[in-house]
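1. here is a sequence with its predicted model. Questions after.
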4 protein chains.
Amino acid sequence: MKSTVIKELVNVELKNPILVEGFPGLGMVGSIATTYLVKQLKAQKMATLYSPHFPYHVLVNKKGSARLLRGEFYFWKNETGENDFILLTGDSQAQTIEGQFEVANSILDFVEKKNVKTVITLGGYRNEIEETPNVVAVSTNPALFEKALKAKAISSEAGTPIVGTAGLLLGLAKFRKIDALCLLGETRGYFPDPKTAKSILEILKGIITVDVDLKGLDEEINRSKEILGRMQDIEKRRLKYMEKMRRVEEERMTYIS
Amino acid sequence: MKSTVIKELVNVELKNPILVEGFPGLGMVGSIATTYLVKQLKAQKMATLYSPHFPYHVLVNKKGSARLLRGEFYFWKNETGENDFILLTGDSQAQTIEGQFEVANSILDFVEKKNVKTVITLGGYRNEIEETPNVVAVSTNPALFEKALKAKAISSEAGTPIVGTAGLLLGLAKFRKIDALCLLGETRGYFPDPKTAKSILEILKGIITVDVDLKGLDEEINRSKEILGRMQDIEKRRLKYMEKMRRVEEERMTYIS
Amino acid sequence: MKSTVIKELVNVELKNPILVEGFPGLGMVGSIATTYLVKQLKAQKMATLYSPHFPYHVLVNKKGSARLLRGEFYFWKNETGENDFILLTGDSQAQTIEGQFEVANSILDFVEKKNVKTVITLGGYRNEIEETPNVVAVSTNPALFEKALKAKAISSEAGTPIVGTAGLLLGLAKFRKIDALCLLGETRGYFPDPKTAKSILEILKGIITVDVDLKGLDEEINRSKEILGRMQDIEKRRLKYMEKMRRVEEERMTYIS
Amino acid sequence: MKSTVIKELVNVELKNPILVEGFPGLGMVGSIATTYLVKQLKAQKMATLYSPHFPYHVLVNKKGSARLLRGEFYFWKNETGENDFILLTGDSQAQTIEGQFEVANSILDFVEKKNVKTVITLGGYRNEIEETPNVVAVSTNPALFEKALKAKAISSEAGTPIVGTAGLLLGLAKFRKIDALCLLGETRGYFPDPKTAKSILEILKGIITVDVDLKGLDEEINRSKEILGRMQDIEKRRLKYMEKMRRVEEERMTYIS
C-alpha cells in the first residue's frame, strides 16, 4: 500500500446515488451524523478505504483482534425516492497535506465510477453556540445552495475556510462536474457533539428525501449535556480567574511603567 | 491531482511577454501589488494553478460556493509597449519544501511555453521602515539590475535570503535562460501593507513601460495607517514595559549573585 | 536507496516459519525480548533491512567503523518443533507516517516470500505496573488469540491503539492472509525494561514451542531495578511537590476570586 | 527539478580520486575545512548539486544577483601524489529525512562514476573543548582507520551517532565498495569554529599526501577567539546565575514540602 486504496466488497447497481460524507473532525459532528444515518437506514457496507496517510496505528476491536484505520462506504437503496445513497465515514483523516488531497481524490475516483453526481459533506465549525446550533451551507451548485437555505441552513461569510476532507471534496468535485454541498454545524468542538449532528441531519432531511427518525440521538445528547454542564462550570471559573489575573497584571504594569 | 497542475482557460498569443509574480508573503506586499495591477490594467484570466502542496482547505466565496486555494494567471495586451504581461497571484504558497520547488517549476514550465524571457517577482522583507519604504532589487541579469537601480531600487547585502516563490523563481529561471528580477519592499510584515506595495509598483513603473495610476492604493494606505498607528502605540508600550522588566530583572540578578 | 530495501544474506529453506518481530519502542520491550531470543537460540542472520525513512545518521561500532540504522532478520531451525523462526529486530522505527507503512509492507513482502503464515509482534504499552507486568494479546486469528489467553495473556480494551510496526504488521498481514498476534507488555516506558520483556517471553513460550531459558534476563532486570528504585524516589518527591504546589495554587485562586 | 541533480561543468579525467566532503554542520567545521582546502589548492569547480530538499530560498550575491542553495564539487590535480581530489562543500544540508538519503546517494552516484574509491567526510561533534580540539576518526576500512589513529585522531565510543551527510556517506558508501573515513572535530558548535577546522586539516594531512599551509586559518581563529572570550564571559555569568537560582528553588522546595 504505497497510496490510498479502496477495496470494493460488493458491486451494487445504484440509482442516481448521492454521496454523504462525514469523517471525524470538529466535535465529531460529521462522523456522528453519518454513522447515525448508517444505523437508522440499516445501510450495508460496500467498500473500505485504506491509506498510508492515516495515523500509523491499528485499533483493537471487541473480539481481541485489531485493524488498520479506515474509511467505510455504505450503500442504501432508496425504495421510494429518486436517489440511492452512499454513506462514507471513517476513523481518521489523512495526516499530511499531500495525503489529504490523495484521500479526497481517491474518494471521488470511486464515487465517480458509481455515477455519483452529487456529494454532500458534513462537518463542524467552531463557535460559541447558544440554544439551537446553526448549520452553514456552502455549495458549488446554486440550486442546491438555495435548497439548503430553504431548509433553514444559513450562508457563510466569504473567505471562510473549510478544512479537511469535507472541504477538499467540495473543491475537487468541481473538476469532475460533480455537484457538492457542505453542511457545517456550529460546535464548541471540544468533545463529541451529537446535538449539532442532529441539527445537521434536520437540515439534511429538508434537502434530500430520506425518512430518518432523529429521536435516537437524544439520549446521546442528554449524556453530552451533563458533560457540557460540568465543562461550562470549569470554563466559567477559568475565565473569571483569567479576568482577575489580567486585572492584577494591568495593575502591575501601571505600577512598573 | 497528485502534483501541481495549471489549467489553461484561454490560449492567447502574447508579444514578448513578461511574467510579474506576487504571491502572498510578508505584508502581503507581492499579492497586493500584483492584484492592483490586474485590476488597473483590466487584465484577463488565462490559467489557474492548483497544487496538493497548498493548504488543504477550500475558501467560501460571496455566492455561497467554495473553491480550492489556487494561483491565477492573467494576461494584459500592451498596445503601445514592447511587452505583453502575464500577471500571477494566488491565495497561498506551497506548504512544504518539496512543494515550493514543484510549484515554482510548474510556473516556469508554463510561462516558458508562453515564450516568457523575463520574470519579475514581487515581495516584502522585514524591516522597521521610517517614511518611504525602500525597495531592494536582485536580478540574475546585470542590465535589468542596473535598470532597477536607476529606477531608485537599492541593492541588497550579499548573503540575504529570499524565501519562497519570489526567490525560487529567480533561482530556477536561470536554468532555463529566463532573466529574473526580484523587487522586495521593506515592510513590518505584521499586516497587509499597501504602502510598500505602492513603493514597489513605483519602482516597477520605472523598469517596465506600463502606465498605471497608483492613486487607487491611497485609500487602502490610509486605512492601514490608522491600524498602524494603533499598533505602534501598543508596540511602544510593550517595548517600554519590556525595558522596565529587563531592568527589574537585572537588579534581581545583581541582588542574587 | 529511494525506498526500503531488504538485502538477503543467505537463502535458507525454512519449515513453516513464524516471524517474531520486536523493534525499539516503549521500554524497548520488543527489541530486548527479540534480541534475547536471537542470542539464546543462536539464531543466524539472514537479511538486513535499510530504509530512507530511518533517522539519517550512522552508528559507530566497536571497531571504529560505522553503519546505517537497520533492521535485522535472523533465522532459527527448530529441530524438534513444527515451526522454524524468523526473528526481526532493529535500531529504529521509520520516522514518518508514510515510512512506517512502507517499512511494514516491505517486511511482509519479504516474509511472505519465505512462506511465513504467522507473524508475532512484541512491544510495550504504558501503564503503572505493580509486581508482575501484564501482557496483553491481540490477534487477527481467534484460535491464536485463545492460545495466548490460555498462556496467561490478557485481552485489551476495544479501541486501544497499537502504534508503529508492531501494530501495522498486524493490520497489514490481514490483506495477505497471514495470521498475526501482538503481545504488548505493561511498562512504564521511561527506560529499557527487561522485566517486561521477560514477561512477554514467558507468555510467548506458552504459545509457541521454543525452549529458551529466561534466567539470562535476571541480571539485566536487577540492574534496571536499582535504576527504577532511584527513579521512583525522584518520582515520589516530584509528585509530593506537585501536590503541594497544586494546593498553594488553589489557595491563591480562592484568594484572588 | 523533482529530485536532486548534479550538473557537471567540466568533464575531467582524475587519477584515483578521493572525495573530501564538508557540508555545513556543527560549528561549520566541515565546510570551513573544505572551503579552505579549495582556496589553498586553487581547486577548480567541476559540478554543482541542486536539490528540492534544500531550504526553499535563494541567496543574494555580491553582484546583486541570487542563486539557489547548492553543493559544489571542485577537483584538484595532484601532480606529485597518487590521488587527485574531489572537494565537495555547499550551503546547506537537506531538510528532510528522505532528502538526506537522496542527496547522499546522488553524491555517491556522481563520484562513483568518477572512480572514487575513498570518501573522507569532515564534520564536528559537540563537546566542551579545552586547548587543542580532539579529532575523532571513524572508518569502514580498518587500514584507513589505523592511518587516522597514527595521525593522532582518536577513536569514538561505540554507539555514537554521526548525523547528516557526513554520516550517511559513510554508511551508504559501503554498499558500493567505496571506503569511507569520517573525521569529526570537537567543537562547542555555537558559532563557526576555524580552530577545530584546523585540527581536522592537521589530521587529514597526516592521512593523505597534500601539502597545504594551514597558517591562513590563524587570522580567522584569532577573530573567533575574541568572540569566544566574550561568549564565555556571558556563559559563566549565566551558569552562576542558574546555580544561584537552583539553590533558591531548592530552598523554596524544602520550605514547601
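-> Arrived safely.

2. which residues sit in contact with A:Leu68?
-> Applying C-beta atoms under 8 Å, 6 or more residues apart in numbering or on different chains to A:Leu68 gives the contacts A:Tyr50, A:Phe54, A:Val58, C:Leu168, C:Gly171, C:Leu172. For glycine as for every other residue, the C-beta is placed from the backbone atoms N, C-alpha and C.

3. let's see 10 Å
-> Residues in contact with A:Leu68 (C-beta atoms under 10 Å, 6 or more residues apart in numbering or on different chains) are A:1, A:48, A:50-52, A:54-59, A:91, C:101, C:167-168, C:170-172, C:174-175.

4. and the strands in chain A?
-> Remark: strands of chain A, listed N- to C-terminal, are A:5-8, A:18-22, A:44-50, A:57-60, A:66-68, A:71-76, A:85-90, A:118-126, A:135-139, A:154-155, A:161-163, A:179-187; assignment by DSSP state E.

5. just put those in a markdown table and tack on distance to D:Leu149 and mean pLDDT.
-> Putting the strands of chain A into a markdown table (distance: least, C-beta to C-beta, whole Å; pLDDT from 0 to 100) gives the following:
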| stretch | distance to D:Leu149 | mean pLDDT |
| --- | --- | --- |
| strand A:5-8 | 54 | 97 |
| strand A:18-22 | 65 | 98 |
| strand A:44-50 | 53 | 98 |
| strand A:57-60 | 46 | 96 |
| strand A:66-68 | 51 | 97 |
| strand A:71-76 | 58 | 98 |
| strand A:85-90 | 58 | 98 |
| strand A:118-126 | 63 | 97 |
| strand A:135-139 | 69 | 98 |
| strand A:154-155 | 76 | 96 |
| strand A:161-163 | 58 | 95 |
| strand A:179-187 | 66 | 97 |
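
6. any chance of the ones you listed in CSV, with distance to C:Leu217 too?
-> As requested, the strands of chain A are exported to CSV (distance: least, C-beta to C-beta, whole Å):
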stretch, distance to C:Leu217
strand A:5-8, 42
strand A:18-22, 49
strand A:44-50, 38
strand A:57-60, 27
strand A:66-68, 27
strand A:71-76, 43
strand A:85-90, 42
strand A:118-126, 50
strand A:135-139, 60
strand A:154-155, 65
strand A:161-163, 49
strand A:179-187, 51
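
7. of all the residues in the stretch 101-250 of chain A, which one is nearest chain C?
-> Residue nearest to chain C within the stretch 101-250 of chain A: A:Lys244 (4.7 Å; C-beta to the nearest C-beta).

8. give me the number of residues near A:Asp109?
-> Counted with other C-beta atoms under 10 Å in any protein chain shown, the neighbours of A:Asp109 add up to 12.

9. looking at it, it is touching A:Ser3, isn't it?
-> No - counting by C-beta atoms under 10 Å, A:Asp109 stays clear of A:Ser3, with 11.3 Å between them.

10. so what's the closest residue to A:Lys7 other than its chain neighbours up against?
-> Distance criterion C-beta to C-beta, 6 or more residues apart in numbering or on different chains; nearest residue to A:Lys7, sequence neighbours excluded, is A:Thr48 at 5.0 Å. Neighbouring residues of A:Thr48 by C-beta under 10 Å, 6+ apart: A:Val5, A:Ile6, A:Lys7, A:Glu8, A:Leu9, A:Arg67, A:Leu68, A:Arg70, A:Gly71, A:Glu72, A:Phe73, A:Gly90.

11. nearest to D:Gln44 among the residues you listed?
-> The nearest member of the contacts of A:Thr48 to D:Gln44, counting by C-beta to C-beta, is A:Val5 at 51.6 Å.

12. now that closest one: how far from C:Val116?
-> 23 Å (C-beta to C-beta, to the nearest Å).

13. give me the more crowded residue out of the two.
-> Between A:Val5 and C:Val116, counted using other C-beta under 10 Å, C:Val116 has the larger neighbour count: 24 against 13.

14. which residues in the stretch 151-257 of chain A form helices?
-> All helices of the stretch 151-257 of chain A, identified by DSSP state H, counting those that start in this stretch, fall at A:165-173, A:194-207, A:218-256.

15. roughly how far does the closest residue in space to A:Ser3 that isn't next to it in sequence sit from chain D?
-> Nearest residue to A:Ser3 in three dimensions, chain neighbours excluded: A:Glu102, at 6.2 Å (C-beta to C-beta, 6+ apart). With distances taken as C-beta to the nearest C-beta, to the nearest Å, A:Glu102 is found 17 Å from chain D.

16. okay, now A:Glu102: neighbour count?
-> 20.

17. same question, A:Glu112
-> 16.

18. so who does it touch?
-> A:Glu112 sits in contact with A:Leu19, A:Val119, A:Ala173, A:Arg176, A:Lys177, A:Ile178, where contact means C-beta under 10 Å, 6+ apart.

19. quick one: residues contacting the closest residue to chain D within the stretch 1-150 of chain A.
-> Using C-beta to the nearest C-beta, the single residue of the stretch 1-150 of chain A nearest to chain D is A:Thr96, 12.1 Å away. Shown in contact with A:Thr96 (C-beta under 10 Å, 6+ apart): A:Pro52, A:His53, A:Glu102, B:Pro52, B:Tyr56, B:Gln95, B:Thr96, C:Thr96, C:Ile97, C:Glu98.

20. the same query, at a cut-off of 7 Å, please.
-> Contact partners of A:Thr96, counting by C-beta atoms under 7 Å, 6 or more residues apart in numbering or on different chains, are A:His53, C:Ile97.

21. quick one: it and B:Tyr56, what's the gap?
-> 9 Å.

22. what do these two both touch?
-> Joint contacts of A:Thr96 and B:Tyr56 (C-beta under 7 Å, 6+ apart) do not exist.

23. test my guess that A:Ile208 contacts A:Asn16.
-> No - using C-beta atoms under 7 Å, A:Ile208 is not in contact with A:Asn16, being 11.2 Å away.

24. right, and the strands of chain A - which one's nearest D:Glu226?
-> strand A:161-163 (51.5 Å).

25. each with direction, which strands does the closest one pair with?
-> Partners of strand A:161-163 in the sheet, by DSSP bridges, are strand B:57-60 (antiparallel).

26. hmm, back to that, could I have the buried ones of the contacts of A:Thr48 as PyMOL selection syntax?
-> This is how PyMOL selects the buried members of those, with burial counted by 16 or more other C-beta atoms under 10 Å in any protein chain shown:
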select buried, chain A and resi 6+67+68+70+71+72+73+90
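
27. picking up where we left off before, keep only the contacts of A:Glu112 that also lie close to chain B.
-> Contacts with chain B are made by none of the contacts of A:Glu112, judged by C-beta under 7 Å from any C-beta of the partner chain.

28. what is the most widely separated pair among these?
-> A:Leu19 and A:Lys177 (14.3 Å).

29. quick one, phi/psi of A:Tyr56?
-> Backbone geometry at A:Tyr56, expressed as degrees, to the nearest 10, gives phi -90, psi 60.

30. please name the nearest non-neighbouring residue to it.
-> Per C-beta to C-beta, 6+ apart, closest to A:Tyr56 is C:Gln100, 3.8 Å.

31. for the one you found, list the residues it contacts.
-> A:Tyr56, C:Gln93, C:Ala94, C:Gly164, C:Thr165, C:Leu168.

32. go on, A:Phe54?
-> A:Leu69, A:Ser92, A:Ala94, A:Gln95.

33. make CSV out of those residues and add distance to B:Ile129, neighbour count and pLDDT.
-> As requested, these are arranged in CSV below (distance: C-beta to C-beta, whole Å; neighbours: other C-beta atoms under 10 Å in any protein chain shown; pLDDT from 0 to 100):
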residue, distance to B:Ile129, neighbour count, pLDDT
A:Leu69, 50, 20, 97
A:Ser92, 46, 18, 96
A:Ala94, 42, 25, 96
A:Gln95, 40, 17, 94
